[in-house]
Structure formats: structure tokens, C-alpha cells
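Q: Only the shape, not the letters, is given here:
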């Protein structure tokens, strides 16, 4: 999986701070955050399975 771009990192960061953008940009923001959280969970699972 690729790392997020600088712009995506900024969106993720403000999302984690609880800030929300206006519609329709909020849809993309929430989608990006969801994918980021899935990636983090998958990395945790892979690490646990590799023990």
C-alpha cells in the first residue's frame, strides 16, 4: 500500500482533530479517513499474525 500524499496527510490530520470540511468536499475527506483507518487496522493485523 502506498503512503498518503502531503495533501491527504493534511486531510487525515484535520479529520482526526474533529474538523469537517463543507459539502461536497466532506465526502472525499470522510472517504480518505475511512481508507486510512482500514490501512492502519490491516497493518496491525499483519503485525499480529507475524508474531
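A: Arrived safely, thanks for sending. It should be emphasised that the depicted structure is a prediction, and the values quoted were computed from it without experimental measurement.
Q: any idea of the mean pLDDT in the strand or helix carrying residue 47?
A: Using DSSP states H and E, residue 47 maps to helix 25-49. Averaging pLDDT along helix 25-49 yields 91.
Q: Over to stretch 4-21?
A: In this model, stretch 4-21 carries a mean pLDDT of 85.
Q: Buried ones in that stretch, by neighbour count?
A: Burial within stretch 4-21, assessed by neighbour count using 16 or more other C-beta atoms under 10 Å, is assigned to 8, 11-12, 15. No exception for glycine: its C-beta is placed from N, CA and C like everyone else's.
Q: So which of the residues you listed is the closest to residue 50?
A: Checking those against residue 50 with C-beta to C-beta, the nearest one is residue 12 at 25.1 Å.
Q: okay, now the closest residue to the closest one other than its chain neighbours: neighbour count?
A: Leaving aside its sequence neighbours, residue 12 sits nearest to residue 36 (C-beta to C-beta, 6 or more residues apart in numbering; 5.1 Å). Residues lying near residue 36 (other C-beta atoms under 10 Å) number 17.
Q: my guess is residue 36 meets residue 13, correct?
A: No. With contact defined as C-beta atoms under 8 Å, residue 36 does not count as touching residue 13 (10.2 Å).
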